[in-house]
Structures are given as C-alpha cells and as structure tokens.
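>>> Predicted model follows, preceded by the sequence.
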Amino acid sequence: MKRGLLKIFEPPLPLIHNPHEPRNFPLGRRNLYIGGANRRVPGYVNLDILLVPGVDIVADAEQMPFPSNLFTRVECDAVLEHVRHPERVISEIERVLARGGHAHLVTPFCHPFHEYPRDYRRFTLDGLKELARGRFEIAAEGWRTGPTATMLVFAIEYAKLWLPWRLWRALAHGVLGWLLFPLRYLDLFFVNSSRAGRIGNHCYLWLRKP
Ligand SMILES: C[S@@+](CC[C@H](N)C(=O)[O-])C[C@H]1O[C@@H](n2cnc3c(N)ncnc32)[C@H](O)[C@@H]1O
C-alpha cells in the first residue's frame with residue numbers, strides 16, 4: 001500500500017529519449033543483454049555481475065562464459081562506465097557477436113556519479129567510437145538524451161546535496177521532478193544538433209560486426 005502510494009507520487013523522468021535513435025536492428029535466436037539487473041529482458045540472455053532478480057548468468061562482462069559468434073544482438077546500455085576495463089568488454093562483445101550482428105552501446109557523458117557497484121568514468125561520443133575502432137562498422141551514432149536532460153538531472157542532484165536527511169531528499173526529488181519534467185521536451189530541439197555533444201547526457205552507438 002505504502003509502496004503503491006509512493007509510486008503514484010514518483011515524478012516522470014527528467015529526460016526524453018531521442019525519438020530518432022534507431023531501434024530496428026535485427027534480433028536473432030540468441031541475443032545478449034549486459035547489465036540488466038532487476039530487469040526483465042524478454043528475448044535476451046541477461047548477464048550481470050550481481051545475482052539479483054532478472055539475471056540469467058552472473059559473470060563479469062570482461063570475461064563472458066559464452067562461445068564465440070553466438071549472439072545476433074548485444075545490448076550494453078549504461079554499463080561501460082561501471083567496468084574496470086571497457087576495452088576488454090568491447091573485445092568480448094566482438095568475440096561473442098556473430099558476423100553481421102549488431103551491438104548497441106549507450107554511455108553517460110554529463111551525468112551524476114552513480115555506483116553499480118562502482119562508477120569509473122564518462123565517455124564523449126568520440127571516446128566511445130575510439131573503443132570500437134578497427135573492430136566494428138558504425139551503423140548509427142548520436143545522443144540518446146540531450147543537454148536539457150543534463151541540466152535537469154544535475155539541478156535535482158544539486159538540490160539534494162543540501163539536504164542531510166533521506167526523507168527530505170526523497171521529497172525534493174518528488175517536488176523538483178514534478179516541477180521540472182515538462183522542460184525535458186526542450187531536448188527535442190537539441191538531441192540531433194551538432195551542439196548536443198557539448199553537454200549531452202548519454203550518447204549511443206550501433207555497431208555492426210563485419
Ligand atoms: C546503470 S546499470 C544499467 C541498467 C540497465 N542497462 C538500464 O539501462 O536500465 C549498470 C549495470 O551493470 C552491471 N555491471 C556493473 N559492472 C559489471 C560487470 N563488470 N559485468 C557485468 N555487469 C556489470 C551492474 O550490476 C548494473 O546492473
């Protein structure tokens with residue numbers, strides 16, 4: 001009951017996803033979702049370093065327990081900032097992906113510190129492309145969440161820094177979240193502009209294994 005009430009007051013996210021980000025790269029018989037703890041990901045094998053609901057295989061993405069060329073599609077969304085060696089994860093994604101298969105990488109650029117279970121780094125779009133260089137063809141690239149998302153997410157986090165008690169922080173999250181969320185639609189003007197990368201929130205790459 002208490003949880004249900006809290007859910008009703010939970011504000012909408014202070015961000016929108018880029019409506020032009022492609023999503024239609026083909027799925028196959030076997031697909032891999034890296035880092036889907038506490039999530040149901042139908043159609044995918046869900047691999048995570050934590051044993052929590054939704055996870056099928058507990059393993060480190062730097063060393064995956066799969067044979068080579070197994071998966072048609074690999075999702076790696078908001079994970080590379082949490083691993084110790086992102087280049088090893090990219091090399092593993094290349095290994096387990098079948099020829100012609102697609103990998104989807106999403107990483108934060110301007111985003112608050114968040115530990116799952118650690119938080120090591122941020123990526124520009126150029127930095128992300130550099131990780132993939134020489135291994136994959138780039139099928140699509142861009143910003144998933146834009147500069148307005150950055151401003152709103154940081155404004156809410158900043159306000160919470162002033163509040164010593166958890167309940168106050170939860171209240172600030174709710175009140176500011178409801179007040180600020182309409183501004184998120186301003187990102188419709190930015191997410192596809194060349195300026196998005198100056199203070200963009202999360203960038204994406206779709207990669208094809210040749
Ligand atoms: C920010 S969450 C990603 C959530 C999900 N992809 C989404 O977008 O909702 C990061 C996830 O990566 C997992 N993770 C962190 N380090 C990992 C590693 N070395 N190998 C596999 N999973 C890892 C965390 O346990 C966590 O579930």
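Arrived safely.

>>> quick one: the nearest residue to residue 22 once chain neighbours are set aside from residue 102, how far?
Residue nearest to residue 22 in three dimensions, not counting chain neighbours: residue 140, with 4.9 Å by Cβ to Cβ, 6 or more residues apart in numbering. For every residue, glycine as well, the C-beta is placed using N, CA and C. Residue 140 sits at a distance of 9 Å from residue 102 (criterion: Cβ to Cβ, to the nearest Å).

>>> what sits in contact with each of those two?
residue 206 (Cβ atoms under 8 Å, 6 or more residues apart in numbering).

>>> out of those two, which sits in the busier spot?
Higher neighbour count among residue 140 and residue 102: residue 102, with 25 against 16, using other Cβ atoms under 10 Å.

>>> Can you give the strand pairings for the strand or helix carrying the more buried one, parallel or anti for each?
Using DSSP states H and E, residue 102 sits in strand 97-108. Partners of strand 97-108 in the sheet, by DSSP bridges, are strand 71-77 (parallel), strand 202-208 (antiparallel).

>>> wait, does the first one contact the ligand?
Yes. Between strand 71-77 and the ligand, judged by Cβ under 6 Å from any ligand atom, the touching residues are residue 77.

>>> List, one by one, the residues from the chain near the ligand.
Close to the ligand, as judged by Cβ under 6 Å from any ligand atom, the chain has residues 34-37, 48-50, 60-62, 77-79, 82-83, 116.

>>> Please identify which of those residues is nearest to residue 199.
residue 78 (17.9 Å; Cβ to Cβ).

>>> measure residue 122 to residue 80 for me?
Taking Cβ to Cβ, one finds residue 122 at 10 Å from residue 80.

>>> Specify which residue of those two has the higher count of neighbours.
residue 80 (27 against 16).

>>> ok, that one touching residue 120?
No. Here residue 80 does not reach residue 120: they are 9.0 Å apart, not a contact under Cβ atoms under 8 Å.

>>> what about residue 42, distance to residue 70?
18 Å.

>>> So between the two, which is more surrounded?
Legend: neighbour count by other Cβ under 10 Å for residue 42 and residue 70, higher for residue 70 (19 against 6).

>>> What backbone torsions are found at that one?
phi -90, psi -40 (degrees, to the nearest 10).

>>> Which ChimeraX command selects the buried ones in the residues of the chain next to the ligand?
Of the residues of the chain next to the ligand, the buried ones go into a single ChimeraX selection, burial set by 16 or more other Cβ atoms under 10 Å:
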select :34,35,36,37,48,49,60,61,62,77,78,79,82,83
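
>>> If we only consider the residues of the chain next to the ligand, which is nearest to residue 149?
Of the residues of the chain next to the ligand, the one sitting nearest to residue 149 (Cβ to Cβ) turns out to be residue 78, at 13.2 Å.

>>> Excluding chain neighbours, what is closest to the closest one?
residue 106 is the one closest to residue 78 (Cβ to Cβ, 6+ apart), at 5.8 Å.

>>> Which strand residues bridge the one you found?
residue 77, residue 204.

>>> Verify the contact between it and residue 206 for me.
No. Contact criterion Cβ under 8 Å: residue 106 and residue 206 do not qualify, at 10.0 Å.

>>> ok and the residue in this structure nearest the ligand?
residue 35 (2.9 Å; Cβ to the nearest ligand atom).
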